[in-house]
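S.K.: I need the structure of the sequence given here:
(2 chains)
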Amino acid sequence: MSSDVPVPIVDYLVLEPEPHLLAWVCVACGARFFDRRNGCASCGSSEFKRVQVSSTGHLRAFTVVHRAAPGIRVPFVSAIVETDDRTFVRSNLLVEHSDPAQIRLPMPVRLTTYAAGIDSRGTECAAFGYVPLERPDRPRAET
Amino acid sequence: MSESLWILGAAMTRFTRHANLDAVDLASEAVSGALADGEVGVRDIDVLACGSLFASAGSMGQQILKQVGQTGISVFNVANACATGATAVRTAALAIKAGEAEMALAVGVEKMGKAGLLTGRSRRKPAERVYEPAGRYGSVMPIDGILGTSTMPGVFAQSGMRYVHDNPDVGFEHFAKVAHKNHLHSTLNPLAQYRKAFSLEEIKNSPMVAYPNTLLMCCPTGDGAAAVVLVGGERLASLSASQRRRAVKVSASVQVTDPYTPGGAVMPDVNTLTANAADAAYEMAGVGPEDLDLVELHDCFATAELMHYDNLRLCEPGGGGEFIDSGAPGRDGSLPVNVSGGLISKGHPIGATGVANLFELTAHLRGEAGERQIGGAKVGLAHVIGLGSTCAVHILERSAA
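M.R.: Numbering: from 1, shown residues only, chains lettered A, B, ... in the order given. Okay, here's the model as predicted:
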């Protein structure tokens, strides 16, 4: 593995040409999954195709985590994002503060990537998170 | 018409950190207590179901029989997340319903000590590491804290914040009130872990775990066990007058899992399956929420209790905040909830919880709950949920005899 090409933190994160997520979508009912499924949890059908997930969406739920396992930096904002193409994603909301009063649902967000670590061979791990998206010319999404 | 089901005996150990007792000791104490309470012996028991999340792989049920009577009966060791104890009860109930047992024991036990968060993997750095994709998501490092949280306080906090968004009159203060009530309730329960009242300010100002759940809004880890002796109606009819009088009817015993809901894979939906279990239980028992005299529900976190008022139909849809504001779920309110102190203050030794809440209801329905007795209690509901997910609801009724 070359050390100058970052590796994605999970296999459903694609870094090139623009960072985005990939999902398995059920051909029959449209349900979306990030891991492999034998059959669709929603309808039972077994045909899936790989789709690119929209990188914009809105915040569906969040919490500010202050206590976590050793080695995890706190506080951080854990977020559930619903993308514009109705995929649900769990990640962090990347904001400078940890004040819950400043985080409003359904805040519009966009995906971004950052370096989450470097291994012994000098390979960088790229993680993804969401940042608030200003969309002044569009009405706020309603859930 | 299948066999009717009754609780003949019930017992629990105190929930606390038992330094000198192991899980076998705790479970055996609960089992012996339940047998004595039901005025029966281990030789009357046809089937044992034992729930322990951490000790099921160690044949815990057989270890208990080696303490109380190694009768060679059928034993089922079960694990089902935080619904482990209730799953043991369901297993024992199924044996009776199936006609394979007349009398069965269900025991739940956990020895947790000071276990901390339970979920969320440590990311302490090893000296040498090379990123290699592994697991179902091809992850190159533990993702907790990077791709959101998987800790239980965090998961239930996120669900709570969604409830807040959907019901804008609900806020931080309401969650504090839930914890305030349950800590106050546990002062009357000699078997509870905390037994200490806290002011609203103390609860709100205790260390934040995952907003809005502060430390005093989170259940503690601990050690404990609970057991019930279940009996079929036909066998009960052959028992003594005092056994029949103290027997409590199990009018509904329901366990469901989480049906598919969009987003459930990344944000566990703790609501749909709870509502499904509750609706099925009300239907089975032929009672409604308005008939309940007390409820023991799964308040693993304050956010959870507020949502479950709604899920269990104890309040109007979206009315969780108003319900706690009204004082209804207080022990002097119209529908007391978690008069034992709940998981938040009684404690939550995982495997024991779903059996202990049946012990609590049984004590009240018999009029034997001492200082914390809810006067004239006739019908009670017990609810547990285990992430993953599974939900069990039992409805118990006072004996007509």
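S.K.: Quick one: the helices in the stretch 101-250 of chain B, in order.
M.R.: B:152-166, B:172-186, B:200-205, B:233-237, B:241-246 (DSSP state H, counting those that start in this stretch).
S.K.: what about the ones you listed, which gets the closest to chain A?
M.R.: Nearest to chain A among the helices of the stretch 101-250 of chain B is helix B:152-166 (3.6 Å), distances taken as C-beta to the nearest C-beta. For every residue, glycine as well, the C-beta is placed using N, CA and C.
S.K.: Mind checking if that closest one is in reach of chain A?
M.R.: Yes: residues of helix B:152-166 contacting chain A under C-beta under 8 Å from any C-beta of the partner chain: B:153-154, B:157-159, B:161-162, B:165.
S.K.: Show me which of the residues you listed is closest to B:Gly370.
M.R.: Nearest to B:Gly370 out of these is B:Pro153 (C-beta to C-beta; 32.0 Å).
S.K.: and that closest one, how many neighbours?
M.R.: B:Pro153: 30 surrounding residues under other C-beta atoms under 10 Å in any protein chain shown.
S.K.: before we move on, what about the one 5 residues further on?
M.R.: By the criterion of other C-beta under 10 Å, B:Gln158 has 27 neighbours.
S.K.: could I get the residues of helix B:152-166 next to chain A as JSON lines with distance to B:Gly330?
M.R.: JSON lines is the format used below for the residues of helix B:152-166 next to chain A (distance: C-beta to C-beta, whole Å):
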{"residue": "B:Pro153", "distance to B:Gly330": "24"}
{"residue": "B:Gly154", "distance to B:Gly330": "28"}
{"residue": "B:Ala157", "distance to B:Gly330": "24"}
{"residue": "B:Gln158", "distance to B:Gly330": "27"}
{"residue": "B:Ser159", "distance to B:Gly330": "24"}
{"residue": "B:Met161", "distance to B:Gly330": "25"}
{"residue": "B:Arg162", "distance to B:Gly330": "26"}
{"residue": "B:His165", "distance to B:Gly330": "27"}
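S.K.: out of those, what pair is the most spread apart?
M.R.: Greatest spacing in those, by C-beta to C-beta: B:Pro153 and B:His165 (18.6 Å).
S.K.: Distance check, B:Ala176 against B:Pro268.
M.R.: Distance, B:Ala176 to B:Pro268, by C-beta to C-beta, to the nearest Å: 24 Å.
S.K.: Of the two, which one has the most company?
M.R.: Neighbours per residue (other C-beta under 10 Å) separate B:Ala176 from B:Pro268, with B:Ala176 holding more: 25 against 21.
S.K.: what about the stretch 251-400 of chain B, any weak spots by pLDDT?
M.R.: B:400 (pLDDT under 70).
S.K.: Could you tell me which residues of it lie near chain A?
M.R.: Going by C-beta under 8 Å from any C-beta, the residues of the stretch 251-400 of chain B near chain A are B:260, B:262-263, B:265-267.
S.K.: What values do phi and psi take at the residue nearest to B:Asn167 when sequence neighbours are not counted?
M.R.: Excluding the flanking residues, the one nearest B:Asn167 by C-beta to C-beta, 6 or more residues apart in numbering or on different chains is B:Gly318, at 4.5 Å. Dihedral pair for B:Gly318: phi 80, psi 0, per degrees, to the nearest 10.
S.K.: quick one: B:Ser364 from B:Ala252, how far?
M.R.: Small correction: residue B:364 is His, not Ser. Going from B:His364 to B:Ala252 by C-beta to C-beta gives 17 Å.
S.K.: out of these two, which sits in the more crowded spot?
M.R.: B:His364 (26 against 22).
S.K.: quick check, that one in a strand?
M.R.: No: applying DSSP: H, G, I helix; E, B strand; the rest coil, one finds B:His364 to be helix, outside a strand.
S.K.: And what about the residue lying closest to it once chain neighbours are set aside, helix, strand or coil?
M.R.: Once flanking residues are discounted, B:His364 sits nearest to B:Ala377: 4.3 Å by C-beta to C-beta, 6+ apart. Three-state assignment for B:Ala377 (three-state DSSP): coil.
S.K.: so the residue in chain A that chain B sits nearest to, which of the three states?
M.R.: Residue nearest to chain B within chain A (C-beta to the nearest C-beta): A:Asp11, separated by 2.8 Å. Following three-state DSSP, A:Asp11 is assigned to coil.
S.K.: hang on, it packs against B:Pro133?
M.R.: Yes: in this structure, A:Asp11 is within contact of B:Pro133 by C-beta atoms under 8 Å, at 5.7 Å.
S.K.: out of these two, which sits in the more crowded spot?
M.R.: A:Asp11 (19 against 13).
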